[in-house]
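Engineer: Provided below for reference: sequence and predicted model.
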Amino acid sequence: MILSLSQVALGGAVGASLRYLAGIGAMRLFGPQPFPVAILSVNVLGSFLMGVFVAVAAHRGLTHLSPLVMTGLLGGFTTFSAFSLEAVTLWERGATGQAAVYIALSVGLSIGALVAGLAFARGIFA
């Protein structure tokens, strides 16, 4: 348990740092943008890398690195990759309806929760 937790912590620190650097890089490369190019890029890249790792880890017997790579590194880089993996896993299992509900609820409720959190916090500080 301690080893897995340490792997998650290490991977998370690296992943979050890489996400931060990607944001700085995008700002320097493109300047201020009204569209979140850096976050979109990180989410898409993280999802791609999650898919690559799942396939490679299963094929090469590297699933023991999942806490470091999937939960830590890619989870710290972008939590969107974990969401994408769960949605595709449901779809591949033939649970198309559940996948659609999961996607709709995840996106809708997460955005709704963010709006609610903003309203709540703004109400406290108003």
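Structural biologist: Structure received. Predicted model, so just to flag it, every value in this text is computed and none were measured.
Engineer: make it CA atoms for all contacts and neighbour counts henceforth
Structural biologist: Will do.
Engineer: dump the residue contacts of the most centrally placed residue in the chain.
Structural biologist: With distances taken as Cα atoms, centre = their mean, the residue of the chain nearest its centroid is T79 (1.8 Å). Contact criterion Cα atoms under 8 Å, 6 or more residues apart in numbering gives N43 as the residues in contact with T79.
Engineer: Please repeat the previous calculation with a cut-off of 10 Å.
Structural biologist: Taking Cα atoms under 10 Å, 6 or more residues apart in numbering as the criterion, T79 is in contact with V42, N43, G46, S47, M70, T71, G72, L73.
Engineer: Could I get those in a markdown table, plus columns for distance to F125, secondary structure and neighbour count?
Structural biologist: Converted to a markdown table, those look like this (distance: Cα to Cα, whole Å; DSSP: H, G, I helix; E, B strand; the rest coil; neighbours: other Cα atoms under 10 Å):
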| residue | distance to F125 | secondary structure | neighbour count |
| --- | --- | --- | --- |
| V42 | 32 | helix | 22 |
| N43 | 32 | helix | 20 |
| G46 | 35 | helix | 26 |
| S47 | 36 | helix | 23 |
| M70 | 37 | helix | 25 |
| T71 | 34 | helix | 25 |
| G72 | 34 | helix | 27 |
| L73 | 35 | helix | 27 |
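Engineer: Torsion angles phi and psi at the residue nearest to the centre of the chain?
Structural biologist: Main-chain torsions, T79, degrees, to the nearest 10: phi -80, psi -10.
Engineer: Which of the contacts of T79 lies at the shortest distance from A9?
Structural biologist: Closest to A9 out of these is G72 (6.2 Å), distances taken as Cα to Cα.
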